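J.: what shape does this take:
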Amino acid sequence: MITMGESKTMEQSLIAPQRSRPYAFLGWVFSCLLMLSLPNESIAQNAYQDSCTTATNCGQLVCTGTQQAAGYCVLSCNQLQPICPNDTPCKVLPSGGSGCFCTSDSDCPTTGTCLDGQCNGKGKEGESCTAATGCESGLICSQVNNQTEFRCWRLCSGQTCDGGAACMLLGTFSVCQCSSNAQCQSGLCQNGLCVNKRTLGQTCSSEQVCEDDLACVKLDDGTSSCLPKCNGTSCLGGETCTSLSNGQKACVCSAKNPCPVGLQCTKGYCDIGTRCLTKSTPSGCADKQTCYTPISGSTRGQCVQTCSSTSDKSCPTGMKCKAFTSGGFGCYCKTDSDCESGRKCIAQQCSAACEKDSDCSNNQTCQSGTCQSTSSEVVINPPSEQSTEQTKDAGPGKEPTPTCEPACASNQKCVNAVCEKLDFLDPCEVDTDCKSGFCFGPGASKICSTSDCSACISVTTCQTIDGKQGCFIGSNNPTPTPTDKGACGCQSASAEPSIWVLLLFVVIAFVRRRRALQSHSS
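T.: So this is what the prediction gives:
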């Protein structure tokens, strides 16, 4: 029989261990909350085909690397039932398990090429494909929305896809895919892919596939082409501003409305080579001007006056009417021989020759043997034939923007053909780069919100500077101390308020439990 004293002692012995349990439980909860409060960077996952080692977190993927040599994040597989993209083999990983990867061209009997750890086929993203042709490395040949058509899709594993597409499950694998135009940064989703809108002369099926300043126009041959919109004024290329069935107007050439003499009507527009459009050149060219691109492959052009033939005398003084290699005529020059006697060809324009300033007209000085305007718009140095930056976009009635020969260093800017230090708000690296002698930041690398640090990488902080928020990186200048209202340190992000509220409830529960035990024991 157990006496009352023995019963009391046994009850206390049973209660004693329970008193220690809340302390252990509280420590466990606190540790979990601390882990939840760690910054996102500590649990970041690498994407498909990113470089990795065995220590790198590839998320749902596996790593082909070792601690001594980097590899790639690839899809896992089962060697008994291997399913890998592009006929890539299922091989044993150095760290154990299996993954879809190749190490040499001999691992790829179908495509014949191993690239970045994956068998590399011929098909590009969005193109039709077969098992024989395969797709490029990083893509997979699969059916589109359960249809019979096979296309090349970009593989992913939970990460954000380029262009705004989402990482979605398609059969066995996850691929980058869009379902609406709103998802895509370009504003156009076609066949599940975010694609760029069509430019001048490209075929179209509707206006939404053309760039914003272009209309989709049905031509005489039954095809449709993206052509410039107009409002009844003259068209830059010499086309006719034509009314469309939807009430809009567009610049269109046809058998009924041919191009000017010397120009050919191609896909509904007069082909004069590169031309100024709102998208590429905001200022555009003035009426009776065209955009001439002197260097093959250059993305920049210069507005020059159009003319009708080599005998046309309508060009400015000293200039000759010269044929474009792409067809049509313009007032420009390539060499001094293209100019009238006594003039030199500078930046595709004929300038008067001189020996001293008095040989030139008002507002001009004699520079490098030619009369040059003292305005900030004049090119002083002749452009290099090898340089694709030798001309800049010019607005109506303006000369091309000046260039510096040789080109300025990365920490300088070209002003009136002279290399100078950087101005206020120019990107900089050190104080000596700036005219002011003060380089802050050197600038925001990404837009962010002070209430959310996830946009910033670990070496930056989200700060509000002059009313703008950005992820600023450190420089040789001290970074202002972040405040609750003005910044948040993304390198050492604190726990969310909701976590600390949860911790408060845990503490309250612990105190109540302890009091209950004490009351019971007494």
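
J.: part of a helix, is residue 408?
T.: No - counting by DSSP: H, G, I helix; E, B strand; the rest coil, residue 408 is not found in a helix; it is coil.

J.: that one and residue 421 touch, don't they?
T.: No - using CB atoms under 8 Å, residue 408 makes no contact with residue 421, being 10.2 Å away. For the C-beta atoms, the positions are set from N, CA and C on the backbone; glycine is no exception.

J.: any shared contact partners between those two?
T.: With contacts defined as CB atoms under 8 Å, 6 or more residues apart in numbering, no residue is shared by residue 408 and residue 421.

J.: how near is the residue nearest to residue 77 when sequence neighbours are not counted to residue 154?
T.: Take residue 77 and drop its neighbours on the chain: the residue closest to it by CB to CB, 6 or more residues apart in numbering is residue 90, 3.9 Å away. Noted for residue 90: a distance of 21 Å to residue 154, by CB to CB, to the nearest Å.

J.: compare neighbour counts for these two and give me the winner.
T.: Of the pair residue 90 and residue 154, residue 154 is the one with more neighbours under other CB atoms under 10 Å, namely 23 against 18.

J.: beta partners of the more buried one?
T.: residue 139 (DSSP bridges).

J.: check what pLDDT it gets.
T.: Looking at residue 154, its pLDDT is 87.

J.: now the terminal residues of stretch 54-67, how far apart.
T.: End-to-end span of stretch 54-67 (CA to CA, to the nearest Å): 6 Å.

J.: picking up where we left off before, contacting residues around the residue nearest to residue 77?
T.: So residue 90 contacts 77-79, 82-84, 98-100 (CB under 8 Å, 6+ apart).

J.: if we use 7 Å, what do you get?
T.: 77, 79, 82, 84, 98, 100 (CB atoms under 7 Å, 6 or more residues apart in numbering).

J.: next step: those residues restricted to strands.
T.: Of the contacts of residue 90, the ones assigned to strands by DSSP state E are 98, 100.

J.: are any of the contacts of residue 90 buried, and which?
T.: When the contacts of residue 90 are checked for burial by 16 or more other CB atoms under 10 Å, the buried set is 77, 84, 98, 100.

J.: and the two most separated of these?
T.: For the buried ones among the contacts of residue 90, the farthest-apart pair by CB to CB is 84 and 98; their separation is 9.7 Å.

J.: next, show the common contact partners of the two.
T.: By CB under 7 Å, 6+ apart, the residues touching both residue 84 and residue 98 are 77, 90.

J.: what lies in contact with stretch 184-197?
T.: Here stretch 184-197 has contacts from 125-126, 144, 163-165, 177-181, 183, 208-211, using CB under 7 Å, 6+ apart.

J.: what mean pLDDT does that stretch have?
T.: 84.

J.: before we move on, what about stretch 75-86?
T.: pLDDT averaged over stretch 75-86 gives 81.

J.: swap in stretch 95-108?
T.: According to the model, stretch 95-108 has a mean pLDDT of 87.

J.: and stretch 508-520, by the same measure?
T.: Here the average pLDDT along stretch 508-520 is 67.

J.: make 455 the first number, not 1, from now on.
T.: Sounds good: first residue 455 from here, last item stretch 962-974.

J.: residue 784 and residue 712, how far apart?
T.: Taking CB to CB as the measure, residue 784 falls 19 Å from residue 712.

J.: does residue 808 touch residue 818 like I think?
T.: No - counting by CB atoms under 7 Å, residue 808 stays clear of residue 818, with 8.5 Å between them.

J.: can you list residues touching both of the two?
T.: Counting by CB under 7 Å, 6+ apart, the common neighbours of residue 808 and residue 818 are residue 825.

J.: which stretches of the stretch 455-604 of the chain form helices?
T.: Under the criterion DSSP state H, counting those that start in this stretch, the stretch 455-604 of the chain contains helices at 458-490.

J.: residue ranges with poor pLDDT in it?
T.: Scanning the stretch 455-604 of the chain with the threshold set as pLDDT under 70 gives 455-499, 509, 598-601.

J.: one more time with 90, if that's ok
T.: For the stretch 455-604 of the chain, applying pLDDT under 90 flags the ranges 455-543, 546-554, 556-604.

J.: on that earlier part again, now which of the contacts of stretch 638-651 would you call buried?
T.: Using 16+ other CB under 10 Å as the burial test, the contacts of stretch 638-651 include 579-580, 598, 617-619, 631-632, 637, 663-665 as buried.

J.: which two in those residues are spaced the farthest apart?
T.: Of all pairs drawn from the buried ones among the contacts of stretch 638-651, the greatest distance, 25.8 Å, lies between 598 and 665 (CB to CB).

J.: give me the number of residues near residue 529?
T.: 24.

J.: got it, and residue 724?
T.: 25.

J.: that one: what secondary structure?
T.: strand.

J.: quick check: bridge partners of it?
T.: With DSSP bridges as the rule, residue 724 is bridged to residue 719.

J.: can you pull the pLDDT of it?
T.: The model's pLDDT for residue 724 equals 79.

J.: and it, what is it in contact with?
T.: Taking CB under 7 Å, 6+ apart, one finds 691-693, 707, 713-714, 717 in contact with residue 724.

J.: repeat the analysis, applying 6 Å as the threshold.
T.: 691-693, 707, 713, 717 (CB atoms under 6 Å, 6 or more residues apart in numbering).

J.: how about the residues you listed, which pair is most distant?
T.: Using CB to CB, the pair of the contacts of residue 724 lying farthest apart is 693 and 717, separated by 9.4 Å.

J.: neighbours around residue 507, how many?
T.: Residue 507, neighbours per other CB under 10 Å, totals 16.

J.: how much space between it and residue 873?
T.: Applying CB to CB to residue 507 and residue 873 gives a distance of 44 Å.

J.: same check on residue 532?
T.: Residue 532 is 62 Å from residue 873, by CB to CB.

J.: more neighbours: these two, which one.
T.: Comparing residue 532 with residue 873 by other CB under 10 Å, the one with more neighbours is residue 873, at 14 against 10.

J.: residues in contact with the helix or strand encompassing that one?
T.: Element membership of residue 873, judged by DSSP states H and E, is strand 872-874. The contact list for strand 872-874 (CB under 6 Å, 6+ apart) reads 858, 862, 866-867.

J.: partners of it in the sheet?
T.: When DSSP bridges is applied, strand 872-874 pairs with strand 867-869 (antiparallel).

J.: tell me which residues in the partner strand are buried?
T.: For strand 867-869, using 16+ other CB under 10 Å, the buried residues are residue 868.
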